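> Here is a sequence with its predicted model. Questions after.
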Amino acid sequence: MTPMVEIRGLHKAYGDLKVLKGIDLTVERGQVICIIGPSGSGKSTLLRCVNLLETPTGGQVFVEGEELTHPDVDIDAARRKVGMVFQQFNLFPHLKVLDNVTIAQRRVLKRPKGEAERIARENLAKVGLEDKADSYPAQLSGGQQQRVAIARALAMNPDLMLFDEPTSALDPELVGDVLTVMRKLAQEGMTMLVVTHEMGFARDVADRVVFMDGGVIVEDGPPEQVIGAPRHERTKTFLRRVLDPTHAQEDDLDGAALPAEGA
Ligand SMILES: Nc1ncnc2c1ncn2[C@@H]1O[C@H](COP(=O)(O)OP(=O)(O)OP(=O)(O)O)[C@@H](O)[C@H]1O
Ligand SMILES: [Mg+2]
């Protein structure tokens with residue numbers, strides 16, 4: 001079967017700064033891939049190349065067999081297959097929750113108001129916020145706002161969901177609700193590419209964990225291997241810092257353990 005995502009030899013540079021240096025990654029339908037790695041390693045850039053928020057400088061990206069990097073691709077149609085959730089929720093502050101979830105459906109998919117609202121309510125229910133349809137974003141907690149952002153993406157019926165550190169901006173006690181929603185989505189068979197520092201989530205939910213450093217994939221395998229028994233020194237160093245921040249300072253004093261420059 002055609003993979004959901006196929007990335008071949010992907011390069012991205014900003015001027016002289018080479019950010020992605022040859023990424024190969026295949027994601028099968030229904031798989032959850034967690035991407036981990038130090039700040040500046042290119043994780044966000046990689047996700048942004050998968051929905052063409054960034055134009056790669058080399059290589060190819062296919063989504064469901066369609067080459068997004070082909071000059072003749074219908075970018076809008078291709079993007080519609082891909083939902084994205086960011087660290088910052090980017091809700092419209094002046095719109096009620098319901099309208100935040102219907103606006104793209106109506107403008108981009110041209111759904112009639114009634115249908116868009118029905119689909120919005122279904123997806124709000126899915127993230128546990130059916131009773132917040134008439135609230136404004138400022139009346140919600142960060143975790144609730146992020147769940148609205150997830151509902152908004154799901155309402156577009158994506159085949160693939162990209163998450164870029166969806167819980168990093170949240171107070172610790174709000175992280176769990178968002179991860180629960182993501183876990184449920186994964187169980188329902190959604191294909192997901194998730195940049196995260198939540199190692200517990202990665203261990204439990206990911207089919208594969210990808211460790212990036214310096215614009216390359218250093219390690220790619222099942223969570224019990226990449227997180228549980230990493231093979232590469234760089235992965236071990238990173239995990240020590242993430243799993244036990246008290247070691248971070250020791251590592252920082254050791255120049256070799258610092259993330260790649262440009263971070
Ligand atoms: N629009 C841009 N113009 C120039 N440089 C950029 C741009 N976007 C990203 N970069 C650089 O590319 C590198 C990789 O950035 P990226 O955001 O992909 O890293 P990341 O792994 O997501 O880091 P973090 O964990 O901090 O989010 C960084 O050095 C960053 O400064
Ligand atoms: Mg990032």
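Structure's in. What do you need? Ligands and ions are numbered 1, 2, ... in the order given.
> how close does residue 82 sit to ligand 1?
Distance, residue 82 to ligand 1, by C-beta to the nearest ligand atom, to the nearest Å: 17 Å. (C-beta placed from N, C-alpha, C; glycine too.)
> need the residues of this protein near ligand 1, please.
With C-beta under 6 Å from any ligand atom as the criterion, the chain meets ligand 1 at residues 14, 17, 19, 37, 39-45, 262-263.
> remind me which residues of the stretch 151-263 of the chain are low pLDDT?
Residue ranges of the stretch 151-263 of the chain with pLDDT under 70: 247-263.
> Quick one: the helices in it, in order.
Ranges of helices in the stretch 151-263 of the chain, per DSSP state H, counting those that start in this stretch, are 172-187, 199-205, 223-226, 233-243, 248-253.
> For residue 244, grab the count of nearby residues.
9 (other C-beta atoms under 10 Å).
> got the phi/psi numbers for it?
Per-residue torsions, residue 244: phi -140, psi 90 (degrees, to the nearest 10).
> What separation do you get for it and residue 118?
From residue 244 over to residue 118 the distance is 48 Å, taken as C-beta to C-beta, to the nearest Å.
> re the thing from before, now the residues of the chain next to ligand 1 in JSON lines, please, with extra columns for secondary structure and distance to residue 186.
As requested, the residues of the chain next to ligand 1 are arranged in JSON lines below (DSSP: H, G, I helix; E, B strand; the rest coil; distance: C-beta to C-beta, whole Å):
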{"residue": "14", "secondary structure": "strand", "distance to residue 186": "32"}
{"residue": "17", "secondary structure": "strand", "distance to residue 186": "34"}
{"residue": "19", "secondary structure": "strand", "distance to residue 186": "28"}
{"residue": "37", "secondary structure": "coil", "distance to residue 186": "21"}
{"residue": "39", "secondary structure": "coil", "distance to residue 186": "25"}
{"residue": "40", "secondary structure": "coil", "distance to residue 186": "27"}
{"residue": "41", "secondary structure": "coil", "distance to residue 186": "24"}
{"residue": "42", "secondary structure": "coil", "distance to residue 186": "24"}
{"residue": "43", "secondary structure": "helix", "distance to residue 186": "19"}
{"residue": "44", "secondary structure": "helix", "distance to residue 186": "21"}
{"residue": "45", "secondary structure": "helix", "distance to residue 186": "24"}
{"residue": "262", "secondary structure": "coil", "distance to residue 186": "32"}
{"residue": "263", "secondary structure": "coil", "distance to residue 186": "29"}
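> Tabulate these (TSV), appending distance to residue 83.
Output for those, formatted as TSV (distance: C-beta to C-beta, whole Å):
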residue	distance to residue 83
14	25
17	29
19	23
37	22
39	24
40	25
41	23
42	21
43	18
44	16
45	18
262	29
263	28
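> Of all pairs in those, which one is the farthest apart?
Farthest pair in the residues of the chain next to ligand 1 (C-beta to C-beta) is 14 and 37. Separation: 18.0 Å.
> Name the residue in the two with the higher neighbour count.
Taking neighbours as other C-beta under 10 Å, residue 14 and residue 37 compare with residue 37 leading, 27 against 11.
> Could you list everything the closest residue to that one other than its chain neighbours pairs with in the sheet?
Closest residue in space to residue 37, ignoring its immediate chain neighbours: residue 212 at 3.7 Å, by C-beta to C-beta, 6 or more residues apart in numbering. Here residue 212 sits in beta bridges with residue 217, as judged by DSSP bridges.
> ok, residue 212 touching residue 44?
No: using C-beta atoms under 8 Å, residue 212 is not in contact with residue 44, being 10.5 Å away.
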